[in-house]
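A.B. asks: 3D, please:
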Amino acid sequence: MSGRQAPCLVLDAAGFDLRPDPLQASTAGQFVSALRQYWIWSGKTPYRELARRSGGKLAISTISVMLTKETLPSQGRLLAFVSACGATEEDCQRFVTAWRLLSLARHADGLGTQQFPAPRHATERLPDRQDRLCSPARGPR
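C.D. replies: Numbers count the residues shown, from 1 in each chain. Purely as a prediction, here's the structure:
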């Protein structure tokens, strides 16, 4: 790590496992909550220190957005963040697996399932509401 000392992550006492589990997340918001909890569990390292530990991969503002906005970060930013928190290889795998599950589910929703109406014949009458909103004689309202 070129002169930088890796953060020391102290695990929980025997019989306790308080480490947040990102694999329990079923939404992006729950995933971000697990990420926030992991940050707290790992020692609540200041954003400035996390940015330094990331080797320039994360800005302080990026970290702030990652922990507050309920959207999935990029995989690269996710790994940089949990690594800066002192993540073990298992932690990284769990976060990336959860990220992949949510990303794949998000992109699978609606793929190939959106139904488009068949083109209308020129003489077919539009429903009443659409006639009132956009009649060719009167223009849009």
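
A.B. asks: check the secondary structure at the spatially most central residue of the chain for me.
C.D. replies: Nearest to the mean C-alpha position of the chain, by Cα atoms, centre = their mean, lies residue 72 at 1.0 Å. At residue 72 the chain is in coil, as set by DSSP: H, G, I helix; E, B strand; the rest coil.

A.B. asks: distance of it from residue 44?
C.D. replies: 22 Å (Cβ to Cβ, to the nearest Å). Backbone N, C-alpha and C define where each C-beta goes, glycine included.

A.B. asks: swap in residue 28?
C.D. replies: Distance from residue 28 to residue 44, by Cβ to Cβ: 22 Å.

A.B. asks: the two: which is more packed in?
C.D. replies: Just comparing residue 28 and residue 44: by other Cβ atoms under 10 Å the higher neighbour count belongs to residue 28, 18 against 9.

A.B. asks: so who does that one touch?
C.D. replies: 70, 71, 72, 102, 106 (Cβ atoms under 8 Å, 6 or more residues apart in numbering).

A.B. asks: mark which of the residues you listed are buried, thanks.
C.D. replies: 72, 102 (16 or more other Cβ atoms under 10 Å).

A.B. asks: of all the contacts of residue 28, the one with the weakest confidence?
C.D. replies: pLDDT is lowest at residue 106 among these; the value there is 85.

A.B. asks: what strand or helix carries it?
C.D. replies: helix 89-108 (DSSP states H and E).

A.B. asks: which residues touch that helix?
C.D. replies: 19, 21-23, 25-28, 31, 34-35, 38, 72, 75, 78-79, 82-83, 87.

A.B. asks: which ones among these lie within helices?
C.D. replies: With DSSP state H as the criterion, helices contain 28, 31, 34, 35, 38, 75, 78, 79, 82, 83 from among those.

A.B. asks: go through stretch 15-29 and flag the buried ones.
C.D. replies: In stretch 15-29, the ones that count as buried by 16+ other Cβ under 10 Å are 19, 20, 22, 25, 28.

A.B. asks: nearest to residue 55 among the residues you listed?
C.D. replies: residue 22 (22.8 Å; Cβ to Cβ).

A.B. asks: who's in contact with the closest one?
C.D. replies: Residue 22 neighbours (Cβ under 8 Å, 6+ apart): 31, 34, 35, 38, 94, 95, 97, 98, 99.
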